[in-house]
Structures are given as C-alpha cells and as structure tokens.
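Asks: Got a predicted model here, sequence first, then my questions.
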Amino acid sequence: MCSSHISRLFVVLSLFAVLAAACGDTEEYRFGFNTTGVQFELFSETEGIHPSKVTLDNPRNPFREFAIGEDTKFDILDDGGNAGAFYAWATVLAGQPTGENQYYTATKLRDIFFANEVPQQDRQIVRQMAINGFQRVLDCFPDSVFFDTTGTFSRRLATPAYLEILELGGAPEGDWILVEDSNENPTAVRSTGFDTLAREILCF
C-alpha cells in the first residue's frame, strides 16, 4: 500500500471530538486510530446481519460511537483491514439498512473467514454469518443495485450475493434461481412470488 494512501486513510479516520465545558475552556480530544490493527472477535452471530444492531453494543467495535461518511466507508473497505472494515460497514448498516451496506458488510465477514483471521473454533460460525449476510441481501434488499463511479446503474446486487453464498458452500434460500440473461451472464431471479409476511419477519 502506498504511503500517500495510508496517510489519506489516517486523516479520514482522525476522529476529532471537542467537548466544551459549560464554565471553562477545557477540551478533550480523540485522535485517529489505525483500523488495520483492529482484530475481529466473535461477539454475536447476528452482528453485521440486518436487522440486528448488536454491533452498536460491541466494545470491540471502534466505530460504534462515531458517524462514518460515504467516502470514508469505501476508504476503509479498500484499506482498513478486514476486521476494521467489517466493524465500519456493520455500523453503517445498523444506521442505514440498505442492500449496499449489507452486501459489503457480508464481504468483510467472507474475507475474515477466507483469511483465517479468527480462531479455528469460530471459523465456521463466521462463514455462516457471511452466508446469512448475503442471504439478507436476497431477502430484504432484492432490488438493490451497484452503481459505477459515474453514478450509472451497473447491476443488481442479488446476483453477486447469490454467487457468494455458493462460493462459501451455502445454499441460497427462498425462491431464487440462477438463469442466464440475454448476454449469457448468470443472473439471480425469483422463480415465484415472495411471501410478504416472511419478508416482514426477516427484515423488520
């Protein structure tokens, strides 16, 4: 990683809070931290999986008390380490439940699993958490889409979420199947209608 990118990330993550005392000029500062040094520790099997907000109660989550901007979350995704990025995106997901936030939170669980960044006894739990995160994209955010850097629609998140579940050795649940689009690309679609009651139970 180039030093300029590290410096940019550190500046972005320099969370600087000033508390003014009611009767004086006392100031308290909170300086930046290096997210690549954050270690993942299993706290709850629902962490990072919508609609759970348990990550906001996790003392291991360094982002639980701070707002994370739209640009910042992608900087952390690219360069913040797997655990640091997971906590950042799980925090954003808890406050803004969207398909994008769920998808990228699940990708960090996947990366933690494949990089073997948890104790052996927790690996299969983290693997299942990643599967559950991608499944939530299908269940709760089936119409969410990727956008490219110009803001132009790219593709629906359902297909990569479906394929990620398969890559992790899971089986997508519900009425989803994989077909080929007009360009012979695999595309996840629903084969039947979706049970509205089931969606409400899972997603709200």
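Replies: Cool, the structure landed.
Asks: centroid residue for this structure?
Replies: T105 (1.3 Å; C-alpha atoms, centre = their mean).
Asks: And the contacts of the one helix or strand D111 maps to?
Replies: Using DSSP states H and E, D111 sits in helix 99-114. With contacts defined as C-beta atoms under 8 Å, 6 or more residues apart in numbering, helix 99-114 is touched by 40, 48-50, 73, 77, 82-83, 85-86, 89-90, 92-93, 118, 123, 126-127, 129-130, 132-134, 136-137, 140-146, 157, 160-161, 164, 167-168. For the C-beta atoms, the positions are set from N, CA and C on the backbone; glycine is no exception.
Asks: For the residue nearest to the centre of the chain, give its distance to E47.
Replies: As judged by C-beta to C-beta, to the nearest Å, T105 and E47 stand 9 Å apart.
Asks: shared neighbours, these two?
Replies: What both T105 and E47 touch, as defined by C-beta under 8 Å, 6+ apart, is the set A90.
Asks: which ones are touching G48?
Replies: Going by C-beta under 8 Å, 6+ apart, the list of residues near G48 reads 55, 86, 89-90, 93, 105-106, 108-109, 129, 133.
Asks: quick one: least confident helix or strand in this protein?
Replies: Across the helices and strands of the chain, the lowest-confidence element by mean pLDDT, DSSP states H and E is helix 3-12, at a mean of 43.
Asks: the longest helix in this protein is where?
Replies: Determined from DSSP state H, the single longest helix within the chain is helix 120-140.
Asks: What's the local residue count around N58?
Replies: 18 (other C-beta atoms under 10 Å).
Asks: In this model F40 seems to touch it, though I could be wrong.
Replies: No - in this structure, N58 is not within contact of F40 by C-beta atoms under 8 Å, at 10.5 Å.
Asks: Contacts for the strand or helix carrying L178 next, please.
Replies: L178 is part of strand 176-180, with elements assigned from DSSP H and E. Residues outside strand 176-180 that contact it (C-beta under 8 Å, 6+ apart): 138, 158-159, 162-163, 186-191.
Asks: partners of it, with directions?
Replies: Applying DSSP bridges to the sheet, strand 176-180 is found paired with strand 186-190 (antiparallel).
Asks: Let me know the angle separating the partner strand from helix 120-140.
Replies: Put simply, strand 186-190 runs at 70 degrees to helix 120-140, going by axes from the mean of the first three to the mean of the last three C-alpha atoms, to 10 degrees.
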